[in-house]
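Engineer: Here is a sequence together with a model predicted from it:
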Amino acid sequence: VQLVESGGGLVQPGGSLRLSCVASGFAFDRAHIAWFRQAPGRELEEISYLGIRRNDPTYADAVKGRFTISSDSARNMVYLQMNNLKPVDTAVYYCAARSREGLFVWRDRAAYDYWGRGTQVTVSS
């Protein structure tokens, strides 16, 4: 099982980035995928969630209206389009996946079975 993030980088405030997460080793079309982030000195923060089968995007208030999560099942890919980026968005962004069925809370990091290594996003002028 593997999750690999890409697409991070340095961007000016107000700019955009698209993060990608490619998944392998589990049934992607039945998975639940989330993006988390961790800024220096801060706790891991939930950002967005997508149930691949239900296609039910969910967002944290901090990014609602600026970030969009989407997927491409043919490529086992999940994307996070980030617009109007702010310096407070600076963090390492992680992709996480859950392959188990059952009830869970998408914001709960313990709900996810697999994690990528992260990609750095820096928003600075």
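Structural biologist: Great, that's in hand. Numbering: from 1, shown residues only.

Engineer: distance of residue 44 from residue 82?
Structural biologist: Look at residue 44 and residue 82: by CB to CB, to the nearest Å, they are 17 Å apart. Yep, even glycine has a C-beta here, placed from its N, CA and C like the rest.

Engineer: Compare those two and say which is more crowded by neighbours.
Structural biologist: residue 82 (26 against 14; other CB atoms under 10 Å).

Engineer: residues in contact with the more buried one?
Structural biologist: With contact set as CB atoms under 8 Å, 6 or more residues apart in numbering, residue 82 has these partners: 16-19, 63, 66-67, 89, 121.

Engineer: and if we set it to 7 Å?
Structural biologist: Residue 82 is in contact with 16-17, 19, 66-67, 89, counting by CB atoms under 7 Å, 6 or more residues apart in numbering.

Engineer: what's across from it in the sheet?
Structural biologist: residue 17, residue 67 (DSSP bridges).

Engineer: thinking again about what came up before, quick check: the two most widely separated of the contacts of residue 82?
Structural biologist: In terms of CB to CB, the contacts of residue 82 reach their longest pairwise distance at 19 and 66, which sit 13.2 Å apart.

Engineer: When the two are compared, which one has more neighbours?
Structural biologist: Using other CB under 10 Å, the more surrounded residue of residue 19 and residue 66 is residue 19, with 24 against 15.

Engineer: And the more buried one, how far from residue 107?
Structural biologist: Residue 19 is 19 Å from residue 107, by CB to CB.

Engineer: again with residue 113
Structural biologist: 16 Å.

Engineer: quick one: contacts for the residue minimising distance to the centre of the chain?
Structural biologist: For the chain, residue 35 is the residue whose C-alpha lies nearest the centre (CA atoms, centre = their mean; 2.2 Å). Under the criterion of CB under 7 Å, 6+ apart, the neighbours of residue 35 are 47-48, 69, 80, 93-95.
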